[in-house]
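S.K.: have a look at this fold, sequence not included:
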Ligand code: SF4
Ligand code: SF4
Ligand code: FES
């Protein structure tokens, strides 16, 4: 491992050469908004919220999957990026049915916080109002497709940390849905261990504890990173 | 039969207007009047497919005028589906919140919305006939009313969090116990609240002695009354109990009726001019089975209130009734509201001194144990019923809500008709007379309907009144924004 030096928003930053731009920025205390990225899970670069500008590169690059390089010049908060981010958030809202006032995650939702952060005061796209159901068959957890942003954090938590791989994505594009096993009711899943890691990982009110009332669902994404690190360092010596 | 039509009517396209149609007959006399309610559309559909636990939040938000009442009825329907008895502290806290709601809602109705008419006169300058005019001319009275409402609001906020937590009451209980400091704070404010309402009662009693005409002509007619009374001794009740139905002669037609079996006594008619269902007393059919709910009904129905000050007032109130002590004039809703505020201050005090009230045990766990549940409570405006059917996983399949304003709908129509009949006579080239709007507004206000048009305006209610002749020709329209 060696160390590289780069600049982020004009600030000199050094990082391990296998680090991502996001990790280097976080290390240096520079905030880059993310949604699909969650510490402790693999990065998939799906939501594009963490896009940054890199001098000499035409395209915008996702900070969560882009490796640092020596001499790299990164900008994380240009007007162009701000505009794109706001559009991304608006599209996420327009795509499904988010009624924050009655949502279990109200006040504790990453999508909602980001909407505030990017200054979304209204949505300029037509709402799609898809007719989506929910799965309440599991005795401990519910899945509401109306609030799912397809970040796949639940899928990765289930696969990479719990090792059950109960959850996955079915279909493509606008038709994509989170499914359990071979698209069966969650309550009938032969693989689900009811561990609840998906509910910890979910950034919105899409996966919640059964019986949660408005604003009652608190997520604990940090527990996943803790598990991962503890396991890697064999902190429990099993 | 052909009739002419006078419309005082809330035009659908103008949100927040109360729309009233008045229909004349061939002789130009008022044949009928309708108060159109255009809210609550698609309300019940909106809930279907959602989990039971979300219902309190959804109903409170969609029907935002009295969120607390919906939260309570919804949580109670959830208790029924969970098939649990909630902890004693939870029931007492829910009662406390409902009393806070009754105080704040009644204070808003009486002091902010109706007393400008009473104190400044129906024909006073409309620009002055509002809360601000009242503050200018009767500062003590107005300030007392404002503080009284704040007292009620404060109880709600102290319990449910700032801005009324949309899901403070949940199936199985409530989300948070009461802290001792909060109890002490509420207690410290009771004496002032009580004095304010006693003063208002004294004022109102003088007022009715001097204004027989209003009392006689504001919806003074026989109807049935429906509401909850307590399980023990049929006392005044606002949170639980049995349904009771009484006729205008004071005969008890239904008693000790489990609210879960409400469909046996309440039928629901849908009229084309309104999105609101018009519930009626089933055994009498529609529209003969029109009944009134709310403060007037509750005071007519109960044997007694159960607290000394309020019971003394109740005895006096009943002297304004017929031979059996049944008070029929809708104008007396105001009076009943004041007595209920007084009762609430007494009950709040009792509850806060109850040793259970600070208990940390406020929420029973539960699961879907029944596929159907009914929750009932007395909202400030009247009996509120939530009826849910769920699947075995708690997904809501069907919702039926019976709300106070719907139940009073038929009586509100009759009130408007009675006022119009008093004011419009034989005019073939009929115009909507000056002064009618204010009276009609006051007639509707007596019921305190839960329409945004009736509560958002500190000044006048936005109204559209239309007058139709016997052939359905529009004769006149008056609009006030
Ligand atoms: S998931 Fe988040 S953004 Fe969506 S409705 Fe719930 S609180 Fe709002
Ligand atoms: S359920 Fe939650 S974690 Fe899973 S994809 Fe949807 S939003 Fe992401
Ligand atoms: S956080 Fe990087 S693409 Fe989603």
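M.R.: Sure thing, it's come through. From a predicted model like this one, the values you see are computed outputs, not experimental measurements. Ligands and ions are numbered 1, 2, ... in the order given.

S.K.: okay, which residue is most central for chain A?
M.R.: residue A:36 (2.4 Å; Cα atoms, centre = their mean).

S.K.: what mean pLDDT does stretch A:135-153 have?
M.R.: The pLDDT scores in stretch A:135-153 average 97.

S.K.: quick one: that stretch to chain centroid distance?
M.R.: Put simply, stretch A:135-153 sits 14 Å off its chain's centre (Cα atoms, centre = their mean, to the nearest Å).

S.K.: how far does it stretch from start to finish?
M.R.: End-to-end distance of stretch A:135-153 (Cα to Cα, to the nearest Å): 18 Å.

S.K.: give the buried residues for it.
M.R.: Within stretch A:135-153, the residues scored as buried using 16 or more other Cβ atoms under 10 Å in any protein chain shown are A:135-138, A:141-153. (Each C-beta comes from the backbone N, C-alpha and C, glycine too.)

S.K.: please apply the same query to stretch B:144-163.
M.R.: Under the neighbour-count criterion of 16+ other Cβ under 10 Å, stretch B:144-163 has B:144-160 buried.

S.K.: name the SS class of the residue nearest to the centre of chain A, please.
M.R.: Following DSSP: H, G, I helix; E, B strand; the rest coil, we place residue A:36 in the coil state.

S.K.: contacting residues around it?
M.R.: A:43, A:44, A:45, A:46, A:47, A:49, A:64, A:151, A:152, A:153 (Cβ atoms under 8 Å, 6 or more residues apart in numbering or on different chains).

S.K.: what is the neighbour count of the third one?
M.R.: Pointing back at residue A:45 there. Using other Cβ atoms under 10 Å in any protein chain shown, residue A:45 is surrounded by 16 other residues.

S.K.: circling back: just the buried residues of stretch A:135-153: which are in strands?
M.R.: A:135, A:141, A:142, A:143, A:144 (DSSP state E).

S.K.: quickly name whichever of those residues is closest to residue A:100.
M.R.: Nearest to residue A:100 out of those is residue A:144 (Cβ to Cβ; 13.0 Å).

S.K.: quick check: the gap between that closest one and residue A:96.
M.R.: For residue A:144, the distance to residue A:96 (Cβ to Cβ, to the nearest Å) stands at 9 Å.

S.K.: and residue B:313, by the same measure?
M.R.: 54 Å.

S.K.: skipping adjacent residues, who's closest to residue B:109 in space?
M.R.: In this structure, residue B:109 finds its nearest non-sequential neighbour in residue B:448, 4.3 Å apart by Cβ to Cβ, 6 or more residues apart in numbering or on different chains.

S.K.: hang on, I meant residue B:59
M.R.: With Cβ to Cβ, 6+ apart, the residue lying closest to residue B:59 is residue B:70, at 4.1 Å.

S.K.: do residue B:322 as well
M.R.: Leaving out its chain neighbours, residue B:322 is closest to residue B:328 (Cβ to Cβ, 6+ apart), at 6.7 Å.

S.K.: okay, that neighbour: pLDDT?
M.R.: Looking at residue B:328, its pLDDT is 93.

S.K.: tell me which residues in the worst-scoring helix or strand of chain A on mean pLDDT are buried?
M.R.: Here the helix or strand of chain A ranked lowest by mean pLDDT, DSSP states H and E is helix A:222-232, holding a mean of 92. For helix A:222-232, the neighbour count (16+ other Cβ under 10 Å) marks A:223, A:224, A:227, A:228 as buried.

S.K.: same check, this time on stretch B:378-396
M.R.: Applying a neighbour-count criterion of 16+ other Cβ under 10 Å, one finds B:378-388, B:390, B:393-396 buried in stretch B:378-396.

S.K.: near chain A at all, that stretch?
M.R.: Yes. Counting by Cβ under 8 Å from any Cβ of the partner chain, chain A is contacted by stretch B:378-396 at B:391, B:393, B:394, B:395.

S.K.: give me the number of residues near residue 69?
M.R.: In the absence of a named chain, this looks at chain A. Counted by other Cβ under 10 Å, the residues lying close to residue A:69 total 13.

S.K.: my bad, chain B
M.R.: Residues near residue B:69, counting by other Cβ under 10 Å: 30.

S.K.: and the closest residue to it other than its chain neighbours, what does it touch?
M.R.: In this structure, residue B:69 finds its nearest non-sequential neighbour in residue B:379, 3.4 Å apart by Cβ to Cβ, 6+ apart. The neighbours of residue B:379, taking Cβ under 8 Å, 6+ apart as the test, are B:66, B:69, B:73, B:101, B:403, B:404, B:450.

S.K.: surely the last one touches residue B:404?
M.R.: Meaning residue B:450. Yes. Here residue B:450 lies in contact with residue B:404, judged by Cβ atoms under 8 Å, at a distance of 6.7 Å.

S.K.: which neighbours do the two have in common?
M.R.: With Cβ under 8 Å, 6+ apart as the test, residue B:450 and residue B:404 both reach B:379, B:381.

S.K.: near chain B, which residues of chain A? Just list them.
M.R.: Within chain A, the positions lying close to chain B (Cβ under 8 Å from any Cβ) are A:101-102, A:104, A:133-134, A:136-137, A:142, A:187, A:210-216.

S.K.: swap in 6 Å and give it another go.
M.R.: Taking Cβ under 6 Å from any Cβ of the partner chain as the criterion, chain A approaches chain B at residues A:101, A:102, A:136, A:137, A:211, A:212, A:213, A:214.

S.K.: what number of residues are in the vicinity of the last one?
M.R.: What that stands for is residue A:214. Using other Cβ under 10 Å, residue A:214 has 28 neighbouring residues.

S.K.: ok, for it, nearest residue in space, not its chain neighbours?
M.R.: Closest residue in space to residue A:214, ignoring its immediate chain neighbours: residue B:57 at 3.4 Å, by Cβ to Cβ, 6+ apart.

S.K.: try the fifth one
M.R.: Here the nearest residue to residue A:211 in space, its sequence neighbours aside, is residue B:53; by Cβ to Cβ, 6+ apart that works out to 4.9 Å.

S.K.: what residues are up against the one you found?
M.R.: Contact partners of residue B:53, counting by Cβ atoms under 6 Å, 6 or more residues apart in numbering or on different chains, are A:211, A:212, A:213.

S.K.: how far away is the residue most central in space within chain B from residue B:481?
M.R.: Chain B has residue B:381 as the residue nearest its centroid, 1.0 Å off, counting by Cα atoms, centre = their mean. Distance, residue B:381 to residue B:481, by Cβ to Cβ: 25 Å.

S.K.: returning to that earlier point: near ligand 3, from the buried residues of stretch B:144-163?
M.R.: Among the buried residues of stretch B:144-163, no residue lies close to ligand 3 (Cβ under 6 Å from any ligand atom).

S.K.: list the ones among these that fall in helices.
M.R.: Secondary structure assignment (DSSP state H) places B:144-160 from the buried residues of stretch B:144-163 within helices.

S.K.: one step back: filter the buried residues of stretch B:378-396 down to the ones near ligand 1?
M.R.: Checked against ligand 1 using Cβ under 6 Å from any ligand atom, the buried residues of stretch B:378-396 yield no neighbours at all.

S.K.: how about residue B:438, nearest residue that isn't a chain neighbour?
M.R.: Computed as Cβ to Cβ, 6+ apart, the closest residue to residue B:438 that is not its neighbour in sequence is residue B:122, at 4.8 Å.

S.K.: next, count neighbours for the one you found.
M.R.: A count of nearby residues for residue B:122, using other Cβ under 10 Å, gives 16.

S.K.: can you classify it by secondary structure?
M.R.: Classified using three-state DSSP, residue B:122 is coil.

S.K.: looks like it contacts residue B:437 (just checking).
M.R.: No. Counting by Cβ atoms under 6 Å, residue B:122 does not reach residue B:437; the two are 9.9 Å apart.

S.K.: show me the contact partners of the top helix by length along chain A.
M.R.: Ranked by residue count, the top helix of chain A under DSSP H comes out as helix A:79-95. Taking contacts as Cβ under 6 Å, 6+ apart, the residues outside helix A:79-95 that touch it are A:48, A:49, A:114, A:115, A:118, A:120, A:123, A:125, A:127, A:128, A:149.
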